[in-house]
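*Asks:* Here is a sequence together with a model predicted from it:
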Amino acid sequence: MSTGTGERDYAHDARARANRAAKAYRLADALEDLGHIPAVDERRTILHQLSIPRASDETWAMAVEIYMERHP
């Protein structure tokens, strides 16, 4: 994928998508344990507990989507 300026968009290439999905599944598992979708201010605590340095809003959205699919 390119950025439109001729530069490669490494944040959205196949490797980044795979890493994002793996992180999202770990987060979704944590949401399972938590039993609810966390507020934005709870996210840092969850990341810390999982030893994940950071997660983008896109990754969190994916994690919530996975969680919601498990709990229709």
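*Replies:* The structure has been received and is ready for your questions.

*Asks:* give the contact list for the residue positioned nearest the centre of the chain.
*Replies:* Centroid-nearest residue in the chain, with CA atoms, centre = their mean: T59, separated by 2.3 Å. T59 makes contact with R20, K23, A24, L27 under the criterion CB atoms under 8 Å, 6 or more residues apart in numbering. Placement of C-beta: from N, CA and C, glycine included.

*Asks:* Out of the residues you listed, who's the most crowded?
*Replies:* With neighbours taken as other CB atoms under 10 Å, the top of the contacts of T59 is L27, carrying 25 neighbours.

*Asks:* what's the closest non-adjacent residue to that one?
*Replies:* Excluding the flanking residues, the one nearest L27 by CB to CB, 6 or more residues apart in numbering is A63, at 3.6 Å.

*Asks:* Tell me who's in contact with the one you found.
*Replies:* A63 neighbours (CB under 8 Å, 6+ apart): K23, A24, Y25, L27, A28, L31, A55.

*Asks:* quick one: low-confidence ranges for this protein?
*Replies:* 1-6 (pLDDT under 70).

*Asks:* Quick one: the helices in it, in order.
*Replies:* Using DSSP state H, the helices of the chain run over 14-34, 43-49, 57-70.

*Asks:* And stretch 56-70, what's buried?
*Replies:* Buried residues in stretch 56-70, counting neighbours by 16 or more other CB atoms under 10 Å, are found at T59, W60, M62, A63, V64, I66, Y67.

*Asks:* Between the contacts of A63, which sits nearest V40?
*Replies:* Closest approach to V40 among the contacts of A63 (CB to CB): A55, at 11.7 Å.

*Asks:* Test my guess that the closest one contacts V40.
*Replies:* No - A55 is beyond contact range of V40, at 11.7 Å (criterion: CB atoms under 8 Å).

*Asks:* Name the residue in the two with the higher neighbour count.
*Replies:* More crowded of A55 and V40, by other CB under 10 Å: A55, with 21 against 8.
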